[in-house]
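K.L.:
Predicted model and sequence below, questions to follow.
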Amino acid sequence: MEGPAPESWWHILRVSGCRTAVTMVTTLMCLPMAAVALGWSPAVVVSGSMEPSISRGDVAVVQPVKATEVGGGAIVAFRDSSHGGQLTTHRAIKRENGDSYVTKGDANRTPDAALVTPDKLDGVVAVLVPFVGSAWLWWQEGSWGLLAIVVVLYALAIRGCLSSREPLAPAETDGHVTST
């Protein structure tokens, strides 16, 4: 009685590569949720005002801090009154009055019109997870084609992680079909 055929290098590489990719993507998707345990808040970046430092679809994880603890050049998250109180992430470029900040998006030509005061400050961006929020953006924008492609690719990667080597069709011998 023969044992199972040895694994081919292609099969080993395929399964290992798929498992690595799925593990990396799943870990990136879970990182923002792990930050919640620390009392931090994840938020999907919806504009390109901080390009190239932060892109649309990145997840910014915001660590709460006191306004006096913000360092020069830090990327802060604040409630922007000029955008209906929407959470905005811009760079603090200058401190005013001890605890307020002039902010500016890296891609913007001019600083923001309003000062970020302590009551508007949510915290500093402590962790940035690239691309993870893109699927959420596509969902919000109705970009169903892009969302479907990502879901299908992720499902195929998960399928590629399986190590079983089942034949695609029954084996044939001497004109008779036998199952394996």
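P.N.:
Arrived safely, thanks for sending.
K.L.:
top strand in this structure by residue count?
P.N.:
Assignment by DSSP state E gives strand 86-96 as the longest strand of the chain.
K.L.:
strand partners of it, parallel vs antiparallel please.
P.N.:
With DSSP bridges as the test, strand 86-96 is paired with strand 75-80 (antiparallel), strand 100-104 (antiparallel).
K.L.:
Just the buried positions in it, please.
P.N.:
Residues 87, 88, 89, 90, 91, 92, 95 are the ones in strand 86-96 that count as buried (16 or more other Cβ atoms under 10 Å). Where C-beta positions appear, they are placed from N, C-alpha and C, glycine not excepted.
K.L.:
now swap in stretch 52-69 and tell me
P.N.:
Using 16+ other Cβ under 10 Å as the test for burial, stretch 52-69 gives 54, 55, 56, 57, 58, 59, 60, 61, 62, 63, 65, 67.
K.L.:
center of this protein - which residue?
P.N.:
Nearest residue to the geometric centre of the chain (Cα atoms, centre = their mean): residue 132, 1.7 Å.
K.L.:
How about the contacts made by the closest residue to that residue other than its chain neighbours?
P.N.:
Ranked by Cβ to Cβ, 6 or more residues apart in numbering and with sequence neighbours excluded, the top spatial neighbour of residue 132 is residue 59, at 4.8 Å. Residue 59 is in contact with 31, 32, 42, 43, 44, 45, 128, 129, 132, 133, counting by Cβ atoms under 8 Å, 6 or more residues apart in numbering.
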